[in-house]
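*Asks:* my questions concern the predicted model and sequence given below.
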Amino acid sequence: MKCLIARVFTLSLCLLGSAAQAAGSQSISVPATADRPGLAGKVWYPCASDSGTAPCQIPGTSTLPLIVISHGAGGDVNGHHDTAEALADHGFIVAAINHPGDTARDHSAIGSLPALLINRPSDIKRLIDFMLSDWQNASRIDPHRIGFFGFSRGALTGLVLAGGQPDMGKMAIECRAEPDWGVCQHPTLPPQPLPRDPRIRAMVLADPVFGAMFVDGLSTVTLPLQLWASEYGGGGVTPADAKAVDEGLPTKPSYTIVPNATHYAFLAPCSPALAQAVPQICTDRTGFDRKQFHETFDASVVTFFERTLGK
């Protein structure tokens, strides 16, 4: 996406972070590896009390499904907090991280193709590893019920993790319309194998950027998938991207085109302070009610994961 997104999210980080939490939540820190930095993240989980404050106890003793979230370009862990809270309220543990170099406060890798195709999927694999082994409530997660939610670049991250193989020739075609994107300067596939993660059993993808790269490379992607697209796109994403993903999957996903919506409609509804500070990501088309849409959107995401991963 364009650099504008990264700039406006820098301010949104703290404004979104003040949103009321219906579920329990806590910050997490995934340790650095020999070649990659640590990951700052956040976890939402069912709360035994009615106060919705953190910290709180996870009710019961049974294991629960895990959903991991990958944000868009220049985003952060809070960009889809309402969806995370809705999932937690329905018995899911939800974890999100800030992708290093592609966050609100760090844009250093936002134009890197290896970061897009290698680092981002690897970040999610490390997040899952952490949640299953080192998180304080790791024993409460069912390792056989893991789902993924991705928006924009996060949706592309999901396609890679699911086994999608991008066609760099098709990326070059898309880059003709956006030659200033850093990822368009050298559109060649990194030499190492792309990260995959078969532990992920179901996915929700919203407005996948560069989705047209995968139209001929999704033959092995057979997991249950819910696909969303805005009618008008924006931020470098076009309706053709989601359409290409729909057409390329061997098993047709649950595919919804949201009428009158633009790309940022999938971000959590903005507070008045955020809307005033960054209207670029908070202003919707006339007649589109983001809050009302998210009530339907979040409920649909919950229902999908309940059906594919179980309650």
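*Replies:* Sure thing, it's come through. On a predicted model such as this, the values are computed, not experimentally measured, just so you know.

*Asks:* from now on I want contacts and neighbour counts done on CA atoms only, so please keep to that.
*Replies:* Fine.

*Asks:* and the strands in the stretch 1-150 of the chain, which stretches?
*Replies:* Along the stretch 1-150 of the chain, the stretches classed as strands by DSSP state E, counting those that start in this stretch are 24-30, 39-45, 64-70, 93-97, 141-151.

*Asks:* low-confidence regions, the stretch 51-200 of the chain specifically.
*Replies:* 51-55, 174, 177-181, 186-187 (pLDDT under 70).

*Asks:* just to revisit the earlier point, residue 56: which of the strands of the stretch 1-150 of the chain is closest?
*Replies:* Taking C-alpha to C-alpha, strand 24-30 is the member of the strands of the stretch 1-150 of the chain nearest to residue 56, at 5.9 Å.

*Asks:* identify each buried residue in that closest one, please.
*Replies:* 24-25, 28, 30 (16 or more other C-alpha atoms under 10 Å).

*Asks:* quick revisit: reformat the strands of the stretch 1-150 of the chain as TSV; add distance to residue 271.
*Replies:* Below are the strands of the stretch 1-150 of the chain laid out as TSV (distance: least, C-alpha to C-alpha, whole Å):
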stretch	distance to residue 271
strand 24-30	19
strand 39-45	20
strand 64-70	21
strand 93-97	21
strand 141-151	20
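
*Asks:* sorry, back to before: out of the buried residues of strand 24-30, which comes closest to residue 306?
*Replies:* residue 24 (19.6 Å).

*Asks:* and the longest helix for the protein?
*Replies:* With DSSP state H setting the assignment, residue counts place helix 290-309 as the longest helix in the chain.

*Asks:* what helices and strands are in contact with that one?
*Replies:* helix 81-89, strand 141-151, strand 200-206 (3 or more C-alpha pairs under 8 Å, 6 or more residues apart in numbering; DSSP states H and E).

*Asks:* let's see 10 Å
*Replies:* strand 64-70, helix 81-89, strand 141-151, strand 200-206, strand 225-230, strand 254-258 (3 or more C-alpha pairs under 10 Å, 6 or more residues apart in numbering; DSSP states H and E).

*Asks:* got TSV for those, with distance to residue 278 too?
*Replies:* Formatted as TSV, these follow (distance: least, C-alpha to C-alpha, whole Å):
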stretch	distance to residue 278
strand 64-70	21
helix 81-89	18
strand 141-151	19
strand 200-206	21
strand 225-230	20
strand 254-258	23
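
*Asks:* of these, which stretch is the most buried?
*Replies:* strand 64-70 (a mean of 26; mean count of other C-alpha atoms under 10 Å).

*Asks:* from the chain's centroid, how far away is that one?
*Replies:* A distance of 10 Å separates the C-alpha centroid of strand 64-70 from that of its chain, computed with C-alpha atoms, centre = their mean, to the nearest Å.

*Asks:* which strands or helices does that strand pack on?
*Replies:* strand 39-45, helix 81-89, strand 93-97, helix 120-133, strand 141-151, helix 153-161, strand 200-206, helix 290-309.

*Asks:* pairing partners for it, with directions?
*Replies:* strand 93-97 (parallel), strand 141-151 (parallel) (DSSP bridges).

*Asks:* quick check, central residue of the chain?
*Replies:* By C-alpha atoms, centre = their mean, the chain has its centre lying nearest to residue 150, at 2.5 Å.

*Asks:* so what's it bridging to?
*Replies:* Beta-bridge partners, per DSSP bridges, of residue 150: residue 70, residue 205.

*Asks:* go ahead and confirm it touches residue 75.
*Replies:* No: using C-alpha atoms under 10 Å, residue 150 is not in contact with residue 75; the gap is 11.6 Å.

*Asks:* about what we covered before: between the helices and strands packed on helix 290-309, which one is nearest to residue 302?
*Replies:* helix 81-89 (5.7 Å).

*Asks:* please put the alpha-carbon coordinates of the closest one into PDB.
*Replies:* What follows is helix 81-89, C-alpha atoms only, in PDB (Å, rounded to 0.1, in the frame of the first residue of the first chain):
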ATOM      1  CA  HIS A  81      -9.700  -5.100  17.800                       C
ATOM      2  CA  ASP A  82     -13.500  -5.300  17.500                       C
ATOM      3  CA  THR A  83     -13.300  -8.500  15.500                       C
ATOM      4  CA  ALA A  84     -10.800  -9.900  18.100                       C
ATOM      5  CA  GLU A  85     -13.100  -9.000  20.900                       C
ATOM      6  CA  ALA A  86     -16.100 -10.600  19.200                       C
ATOM      7  CA  LEU A  87     -14.200 -13.800  18.800                       C
ATOM      8  CA  ALA A  88     -12.900 -13.800  22.300                       C
ATOM      9  CA  ASP A  89     -16.500 -13.200  23.600                       C
END
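
*Asks:* report the contact partners of the nearest residue in space to residue 92 that is not next to it in sequence.
*Replies:* Spatial nearest neighbour of residue 92, excluding adjacent residues (C-alpha to C-alpha, 6 or more residues apart in numbering): residue 65 at 5.3 Å. By C-alpha atoms under 10 Å, 6 or more residues apart in numbering, the contact list for residue 65 reads 87-88, 91-94, 140-147, 305-306, 309-311.
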